[in-house]
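A.B. asks: build me a structure from this.
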Amino acid sequence: MNIFHRDIKSANIFLSKDQTALLGDLNVSKVAKAGILYTQTGTPYYASPEVWSDKPYDSKSDIWSLGCVLYEILALVPPFRANDMNGLYKRVMRGIYDEPPKHYSSQLKKLIKAMIKTNPASRPSCFEIMNTETVKNKVTELGLKVLPLNGVQSQE
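C.D. replies: Here you go, the predicted structure:
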């Protein structure tokens with residue numbers, strides 16, 4: 001539907017009483033009629049390299065941010081950290097981050113690594129993420145219901 005959240009971060013994800021994850025704070029979300037946006041926005045720790053460098057971006061920027069959130073769930077800190085904004089910029093642009101804790105599965109770490117690749121074209125789409133064995137197995141294991149992606153088959 002070409003709706004970009006543009007500020008996916010841990011503080012904007014809420015759990016309902018039934019443990020449903022809800023994405024909130026849509027203040028900077030935007031519908032991109034052409035599928036691409038240009039305005040730099042969001043929280044620096046979760047901002048993609050294309051946003052940092054003021055380049056046009058698409059849904060893969062939200063995938064980056066979600067990858068940062070998943071990393072933070074595992075490590076309890078964002079993947080990209082530095083003492084100042086310039087240092088943070090350099091780490092994001094180079095894709096430099098510490099490995100997630102060792103006790104998590106290699107499949108989960110591989111998924112996060114794919115989501116926070118510096119080249120947006122190399123990041124998986126939402127459809128591709130939902131169809132990884134890691135996600136499908138966890139959905140089945142937990143007995144979760146996944147809503148269809150509005151008839152999307154391979155791309156958002």
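A.B. asks: now stretch 62-81: buried residues?
C.D. replies: For stretch 62-81, a neighbour-count test (16 or more other C-beta atoms under 10 Å) marks 62-72, 74-75, 78-80 as buried. All C-beta atoms are positioned from the backbone trio N, CA, C, and that covers glycine.
A.B. asks: element containing the residue in the chain sticking out farthest from the centre?
C.D. replies: Going by C-alpha atoms, centre = their mean, the residue of the chain most distant from its centre is residue 17, 23.8 Å out. Using DSSP states H and E, residue 17 falls within no helix or strand.
A.B. asks: point to the residue nearest the middle of this structure.
C.D. replies: Note: the chain centre (C-alpha atoms, centre = their mean) maps to residue 66, 1.9 Å.
A.B. asks: I'd assumed it was in a helix, is it?
C.D. replies: Yes. Counting by DSSP: H, G, I helix; E, B strand; the rest coil, residue 66 is part of a helix.
A.B. asks: and the closest residue in space to it that isn't next to it in sequence, which of the three is it?
C.D. replies: Leaving aside its chain neighbours, residue 66 sits nearest to residue 8 (5.4 Å; criterion: C-beta to C-beta, 6 or more residues apart in numbering). Three-state assignment for residue 8 (three-state DSSP): coil.
A.B. asks: do the same with residue 124
C.D. replies: Once three-state DSSP is applied, residue 124 turns out coil.
A.B. asks: hang on, the earlier thing: can you tell me how far the residue nearest to residue 66 is from residue 87?
C.D. replies: Going from residue 8 to residue 87 by C-beta to C-beta, to the nearest Å gives 22 Å.
A.B. asks: next one: residue 147
C.D. replies: Distance from residue 147 to residue 87, by C-beta to C-beta: 39 Å.
A.B. asks: which SSE is immediately downstream of the worst-scoring helix or strand of the chain on mean pLDDT?
C.D. replies: Ranked by mean pLDDT, DSSP states H and E, the weakest helix or strand in the chain is strand 30-31, scoring a mean of 63. Under the assignment DSSP H and E, the closest C-terminal helix or strand after strand 30-31 is helix 49-52.
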